[in-house]
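J.: Could you look at this predicted model? Sequence included:
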Amino acid sequence: MATAKETRHAALGLEPDRLLTMYRQMVLARAVDRRMWVLNRQGKAPFVISGQGHEAIQVAAANCMRPGIDWLCPYYRDLPFCLALGMTAREFMLAVFAKADDPNSGARQMPSHFGIQRLRIITSSSVVGTQVVHAVGVAYASKMRGLDEVSVTCIGDGGTSQGDWHESMNWAGIHKLPFICIVQDNDYAISVPHRLQMGVDTVARRAEGYGVAGEAVDGGDLLASYEAMRRAVERARAGQGATLISAKVARFTSHSSDDDQRRYRPQAELEALLRRDPIERFRNYLLDEGVVSEADDERIQQECTAEVDEAVTGAEAAESPRPEDLLKHVYADG
Amino acid sequence: MAEKTLLQGIREALGEEMERDERVWVLGEDVGKKGGVFLVTEGLYDRFGEARVLDTPLAESSIVGVAIGAAMNGTLPVAEIQFADFIHPAFDQIVSEAARIRYRSNGDFSCPLVIRAPFGGGVHGGLYHSQSVEAYYAHVPGLKVVIPSTPEDAKGLLKSSIRDPDPVMFFEHKKTYRLIKGEVPDGDYATPLGKAAVRREGASLSCFAWGLMAHYCMQAAEELEADGVSVEVIDLRTLKPLDKEAILGSVRKTARALVVYEDNLTGGFGAEVAAIIAQEAFEHLDAPVVRVAAPDVPAMPFNKPQEDAFMPSPERIAAEMRKLAAY
């Protein structure tokens, strides 16, 4: 029975080791993400797109999944998610530098178009919303084959306006699929604000209309996100059907390296965003609860920086794709 | 061997492949208890159950998108689009997704699925139940495009398509479903993709077509035989991969080429066939390559006079053959 003094993480059955793992995954993701912007400014990375501010919901969700068993149909802000599932910083940097060994696409796609078979991260395009339907198909196949797998997909608030998104939610409801759609609602679709994207404060309200469970969660709160996601995964595994999670998050960066959000977001709004840093919030929690010390934190930050340094050095020196390989993999036979 | 309709050939292929491999399943609007609006999937629901013969919501993009996801999770879906005219909402899933999954993942993922759709006119289908859409998809690397014109091919090519590791667009001319009958070999056989069929050997000119038009070309060729003009009719069967050698080999022999298609003239797949001949067999030609196709109007009207005026007919094809032979 919970006592008044029970911590939030203890109530979720989370051990300190797991908390540290998740914290480290968030810190690493931020370090990788920040570095790619530096590389962009240095002219070494032609295009980057970020997950900064989205770390808590993504890392929490990944830690509720079984990498290599459960599936992820990601979207382009899922760097923290993919790192938490097992993609390495070096693998990501190979994509940033457009190198041949990029496991996502052999650098055929822009960075952050994730897809790694060994981790069951399904290849994704730049088209917004198509991946949600694939996640439904994956879940339908798991159910048809009697496999205990959960299919997770991510999308932004803008993506929920796509027909594919609506069609997917409808399918998930009809077949009570082991499917979870995480909407990472950061209030903007490039420059279009939430109020011009939908007539509800949270898309989770739509869940009932599709016959799926709905969860609206503070996606900047790692423990709240973990709790919502764990409930969704348990629902999926128990055969009780699909869940739509709407996670409110903060978009710290411009849409991409080709955008400047100062053109359409007021300065005060941008400054207020910084108070919603999910990593800072979790760090403060861990310090308050005595799970980490300042010294631990310092060590984690240094380890992550070193990991990024090593990833960058290795990836920068790696081989570029060869022009003669342009024609490969159009079909199975060549 | 027994005489069957083209539709029966397709149904047999589906049933036999589902029997042979439990990964194979079908999905689409009305494919379940009803057996499809043309009854192609009739009987499959009773044999294989709802999970493998799945009636879907009326939403084409998700029919294809779900099939794509299921194909990446160990199954072999055969998605039916009720009419090719309604495939356009799924264009994005087919072109941006299915066709590129292998390429964009550098070979890490594949998408083995078949999308079946009845196409073509001459059945009073009007603007939205008559279209020929093959050119859109034949344009897209990563897709295969198959169009059977005989019951034997319908069965054998569909089996090859289901067993193919890449996405295949399988277009069935709806007028041929019950009109065209022919011998279908018993038991299991697969007709390879990428091989044209010489339906009729000839020396005076070469005629290339697919679907219903292959039959119309045969009728026209028979008419010309009486006039002493010997027409070679080649049924391309698969537009992608395309049997270029069969096309060029025939043109080198006859020195005259006619391409017949039911789609609009401009940008139809026959334009590609004509371009290949012009570029790669130019010095063998004794006459310009001729295209016979539908006029550039949006689509086929419902009323019979205009429907007839839209569709290339055996008579019109025969007239073009005569002109070309006399050039």
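T.: The structure has been received and is ready for your questions. Residues are numbered from 1 along each chain as shown, chains lettered A, B, ... in the order given.
J.: OK, contacts around A:Ala207?
T.: With contacts defined as C-beta atoms under 8 Å, 6 or more residues apart in numbering or on different chains, the neighbours of A:Ala207 are A:Met169, A:Ala213, A:Gly214, A:Thr243, A:Leu244. Heads up, the C-betas are built off the backbone N, CA and C, glycines and all.
J.: Sorry, wrong one. I was asking about A:Ala315.
T.: By C-beta under 8 Å, 6+ apart, the residues touching A:Ala315 are A:Arg90, A:Met93, A:Leu94, A:Val96, A:Phe97, A:Lys99.
J.: The contacts of A:Ala207 in strands, which ones?
T.: In strands, judged by DSSP state E, the following of the contacts of A:Ala207 are found: A:Ala213, A:Gly214, A:Thr243, A:Leu244.
J.: filter those residues to the buried ones?
T.: Neighbour counting by 16 or more other C-beta atoms under 10 Å in any protein chain shown classes A:Ala213, A:Gly214, A:Thr243, A:Leu244 among the ones in strands among the contacts of A:Ala207 as buried.
J.: What residues does residue 25 make contact with?
T.: No chain specified, so I'll use chain A. A:Glu55, A:Val59, A:Ala62, A:Asn63, A:Pro80, A:Leu83, A:Ala84.
J.: The chain in question should be chain B.
T.: The contact partners of B:Trp25, by C-beta under 8 Å, 6+ apart, come to A:Met144, B:Met18, B:Phe48, B:Ala51, B:Arg52, B:Val53, B:Leu54, B:Ala70, B:Thr75, B:Leu76, B:Pro77, B:Val78.
J.: Throw those residues into CSV and include secondary structure, distance to A:Leu20 and pLDDT, thanks.
T.: Supplementary listing: those in CSV, determined by DSSP: H, G, I helix; E, B strand; the rest coil; distance: C-beta to C-beta, whole Å; pLDDT from 0 to 100:
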residue, secondary structure, distance to A:Leu20, pLDDT
A:Met144, helix, 39, 97
B:Met18, helix, 51, 98
B:Phe48, helix, 50, 98
B:Ala51, coil, 43, 97
B:Arg52, coil, 46, 98
B:Val53, strand, 50, 98
B:Leu54, strand, 45, 98
B:Ala70, helix, 38, 98
B:Thr75, coil, 40, 98
B:Leu76, strand, 44, 98
B:Pro77, strand, 43, 98
B:Val78, strand, 49, 99
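J.: Determine the number of other residues adjacent to A:Ser151.
T.: The burial count assigned to A:Ser151 is 30, neighbours taken as other C-beta atoms under 10 Å in any protein chain shown.
J.: Ramachandran coordinates for it?
T.: A:Ser151 adopts backbone torsions of phi -110, psi 120, taken as degrees, to the nearest 10.
J.: Look up the residues forming beta bridges with it.
T.: Beta-bridge partners for A:Ser151, by DSSP bridges, are A:Trp71, A:Phe179.
J.: isn't it right next to A:Ser142, touching?
T.: Yes. Applying C-beta atoms under 8 Å, one finds A:Ser151 in contact with A:Ser142, separated by 6.5 Å.
J.: can you list residues touching both of those two?
T.: What both A:Ser151 and A:Ser142 touch, as defined by C-beta under 8 Å, 6+ apart, is the set A:Trp71, A:Pro178.
J.: re the thing from before, of the ones in strands among the contacts of A:Ala207, just say which sits nearest to chain B.
T.: When the ones in strands among the contacts of A:Ala207 are compared for distance to chain B, the smallest value, 16.0 Å, is given by A:Leu244; criterion: C-beta to the nearest C-beta.
J.: A helix includes A:Ala98, no?
T.: No. Going by DSSP: H, G, I helix; E, B strand; the rest coil, the assignment for A:Ala98 is coil, not a helix.
J.: Give me the number of neighbouring residues for it.
T.: Counted with other C-beta under 10 Å, the neighbours of A:Ala98 add up to 22.
J.: can you check A:Glu298 too?
T.: Other residues within reach of A:Glu298, judged by other C-beta under 10 Å, total 11.
J.: Just give the nearest non-adjacent residue to A:Ala172, would you?
T.: The shortest distance from A:Ala172 to any residue that is not its chain neighbour, by C-beta to C-beta, 6 or more residues apart in numbering or on different chains, is 3.7 Å, and that residue is A:Ala242.
J.: tell me the contacts of that neighbour?
T.: Contacts here follow C-beta under 8 Å, 6+ apart; on that basis A:Ala242 touches A:139, A:169, A:172-173, A:176-181, A:212-213, A:235-236.
J.: What about those, which one has the most neighbours?
T.: Looking at the contacts of A:Ala242 with neighbours defined as other C-beta under 10 Å, the largest count falls to A:Phe179 at 34 neighbours.
J.: In chain B, what residue spans correspond to helices?
T.: Under the criterion DSSP state H, helices of chain B are mapped to B:6-20, B:44-48, B:60-71, B:91-92, B:101-104, B:134-138, B:151-163, B:176-179, B:212-225, B:244-254, B:269-280, B:304-310, B:314-326.
J.: Please identify the deepest-packed of those helices.
T.: Comparing these on average neighbours per residue, with mean count of other C-beta atoms under 10 Å in any protein chain shown, the densest one is helix B:60-71 at a mean of 29.
J.: Show me what that helix is packed against.
T.: Counting contacts by 3 or more C-beta pairs under 8 Å, 6 or more residues apart in numbering or on different chains; DSSP states H and E, helix B:60-71 packs against helix A:130-144, helix A:163-175, strand B:24-28, strand B:76-80.
J.: what does the last one rub up against?
T.: Applying C-beta under 8 Å, 6+ apart, the contact partners of strand B:76-80 are A:137, B:14, B:21, B:23-29, B:31, B:36, B:40-41, B:63-64, B:66-67, B:70-71, B:112-117, B:162.
J.: on that earlier part again, which one of the helices and strands packed on helix B:60-71 lies nearest to B:His284?
T.: Closest to B:His284 of those is strand B:76-80 (C-beta to C-beta; 40.7 Å).
J.: Please tell me how far that closest one is from the chain's geometric centre.
T.: Its chain's C-alpha centre lies 16 Å from the corresponding centre of strand B:76-80 when counted by C-alpha atoms, centre = their mean, to the nearest Å.
J.: Over to stretch A:266-275?
T.: Relative to the centre of its chain, stretch A:266-275 is centred 22 Å away, using C-alpha atoms, centre = their mean.
J.: quick one: contacts of that stretch?
T.: With contacts defined as C-beta under 8 Å, 6+ apart, stretch A:266-275 is touched by A:Gly53, A:Ala250, A:Arg251, A:Phe252, A:Gln261, A:Arg262.
J.: Enumerate every residue touching the one residue in the stretch 151-300 of chain A that gets nearest to chain B.
T.: Shortest the stretch 151-300 of chain A-to-chain B distance, computed as C-beta to the nearest C-beta: residue-wise this is A:Glu167, at 3.7 Å. Residues in contact with A:Glu167, defined by C-beta under 8 Å, 6+ apart, are A:Val133, B:Pro57, B:Ala59, B:Ser61, B:Ser62, B:Gly65.
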